[in-house]
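[1] How does the following fold in three dimensions:
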Amino acid sequence: MKANEYKKMTSSDLEKELVELKSELFKLRFQNATNGLDNPMKIKTTKKNIARVKTVLREKELEEAE
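    Next comes the predicted model:
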């Protein structure tokens with residue numbers, strides 16, 4: 001997803017998305033360590049999506065503080 005798509009989501013939805021992405025990253029790392037992963041770039045894109053979600057969550061947190 002793109003950052004602007006994440007910005008449209010609520011904070012609770014973003015928290016759920018973050019949990020899902022972290023579990024997906026764990027599974028991808030496990031697959032990579034055991035039997036090899038078909039597309040290792042999935043790890044990189046998942047990490048970037050986690051960073052995007054965290055950034056949007058922080059932006060929303062700062063907006064609420066003002």
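
[2] Every contact and neighbour count from this point should use C-alpha atoms.
    Noted.

[3] Please identify which helix or strand holds Phe30.
    Assigned by DSSP states H and E, Phe30 belongs to helix 11-34.

[4] when you compare where the helix or strand following that helix runs with where helix 11-34 runs, what's the angle?
    Counting by DSSP H and E, the next helix or strand C-terminal to helix 11-34 is helix 41-65. Relative orientation of helix 41-65 versus helix 11-34 (axes from the mean of the first three to the mean of the last three C-alpha atoms, to 10 degrees): 160 degrees.

[5] What is helix 41-65 packed up against?
    Applying 3 or more C-alpha pairs under 8 Å, 6 or more residues apart in numbering; DSSP states H and E, one finds that helix 41-65 contacts helix 3-7, helix 11-34.

[6] Of all these, which one is nearest Val56?
    Val56 lies closest to helix 3-7 among the helices and strands packed on helix 41-65, at 6.2 Å (C-alpha to C-alpha).

[7] May I see the buried residues of the closest one?
    Buried positions in helix 3-7, judged by neighbour count with 16 or more other C-alpha atoms under 10 Å: Tyr6, Lys7.
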